[in-house]
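>>> mind folding the following:
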Amino acid sequence: MKTAAHYLLLCAIAVVCVFPFWWTLVTALSTEGNIFAYPPTFWPKAPSLDNFTEVFNTLPMWSFFRNSVFIAACTVFWKLLLCSAAAYPLARIQFKGRKLVFGLILATLVLPSEVNFLVNFITVTKLSLVDTYAGVILPNVVNAVAILLLKQAFEEIPQDLIDAARVDGASEWIIFSRIMLPLIAPWLATVGILTAVEAWNEYIWPSIVMSKPDEFPLSVGVLYLRGTFGSSTRVIAAGTVLTILPTLAAFLFTQRFFMRGMDGAVK
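Next up is the predicted model:
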C-alpha cells in the first residue's frame, strides 16, 4: 500500500512537470480552429507542422541555433576546466585558509544570480566585451555548485592512490590531469549536462549583453516571435518547442551519465 502511494505521488509529480511541455507541443501542432476549441483536446484532430515552417521562414533559426551551441559548448568547457581546477586543491591540497576560501565560495550560494548582473555588466563593459560571445560566456564559467560537486568527487578518490603517484614522482598537475579527472568522469558529465542546459536556456544575461540580432542565441532570438506574431499563440508555441527540444534530446542521450554522477554525489 505504501509503495502504491509512492508511485501515485511520483505519477502526479510527473504529470505536473510534463503537462506544460505537452500542452505547448499540442498548441504548436494545432490549427487556428483547434487551439480554442471547447472542450479542449489533449491532441489536435489534424496535427500540422505549418507553425514550425512559419517560424523557420520568418527567423534565422539555424543562425540562432549555431550561436546557442557555441555559447553552451564554450561555457561547458571552461566551467569544467576552471571549477575542477578550483575543486582539486580544496579537496586534496592542504594550504592556509583553505576552509575560509571554501566557506566564501559556499556563501555565494545564498545570492541570486541577478544580484551579480550590475557588477558583471560593468566589468564586461570595462573589458570591451559587450556584444561579444566572451561577454556572455565569462560570467558563467565558475559557480559554487559546480565546485562543491567536484570537490566532493575528488574526496571520493582514495588518498592511497594519490600518495602512490607522489612517491612515483608525479607532479600535482599530472595527478590532477592524468589520474583524478578520468576517475571523476561521471561527476564531470553531471556538471557538464547541468551547465549545458543552463547556458542553453539563459535569457536575461545574453539579452543584456547582446544587441546584434545575428549574434543572438536561440533563447533570445525566439522572443522576436512575440513582436512579429503577437496574436499567434501557435507560432510562439512552435518556437518554444524548437528551443526546448535540443536540450531534451541531449538529456535523454546522456541521462545515464547524469544519474551516475548524481548517485556518486549523494553517497
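>>> so Ser211: helix, strand or coil?
Assigned state for Ser211: coil (three-state reduction, DSSP: H, G, I helix; E, B strand; the rest coil).
>>> show me where the stretch 101-250 of the chain has helices.
117-126, 133-137, 144-156, 159-167, 172-174, 181-183, 185-201, 204-209, 218-221, 224-228, 233-265 (DSSP state H, counting those that start in this stretch).
>>> run through the neighbouring helices and strands of the second one.
What that stands for is helix 133-137. helix 61-92, helix 204-209 (3 or more Cβ pairs under 8 Å, 6 or more residues apart in numbering; DSSP states H and E). Every C-beta, even on glycine, is put in place using the N, C-alpha and C of the backbone.
>>> which residue, other than its chain neighbours, is closest to Trp78?
Val141 (4.0 Å; Cβ to Cβ, 6 or more residues apart in numbering).
>>> count the neighbours of that neighbour for me.
Residue neighbour count, defined by other Cβ atoms under 10 Å, stands at 19 for Val141.
>>> so which of the helices and strands packed on helix 133-137 comes closest to Glu198?
The minimum distance between Glu198 and the helices and strands packed on helix 133-137 falls on helix 61-92, with 8.0 Å, by Cβ to Cβ.
>>> buried sites along the closest one?
Of the residues in helix 61-92, 61, 64-65, 67-69, 71-72, 74-76, 78-80, 83-92 count as buried by neighbour count, 16 or more other Cβ atoms under 10 Å.
>>> what's the answer for stretch 210-224, then?
Of the residues in stretch 210-224, those with enough neighbours to count as buried (16+ other Cβ under 10 Å) are Met210, Glu215, Phe216, Pro217, Leu218, Ser219, Val220, Gly221, Val222, Leu223, Tyr224.
>>> quick one: end-to-end distance for it.
Criterion Cα to Cα, to the nearest Å; first-to-last residue distance in stretch 210-224 is 14 Å.
>>> same question for stretch 136-143.
Looking at stretch 136-143, the gap from its leading to its trailing residue is 15 Å under the measure Cα to Cα.
>>> list the contacts of it.
By Cβ atoms under 8 Å, 6 or more residues apart in numbering, the residues outside stretch 136-143 that reach it are 71, 74-75, 78-79, 82-83, 86, 108, 116, 120, 123-124, 129, 195, 198-199, 202, 205-206, 209-210, 217.
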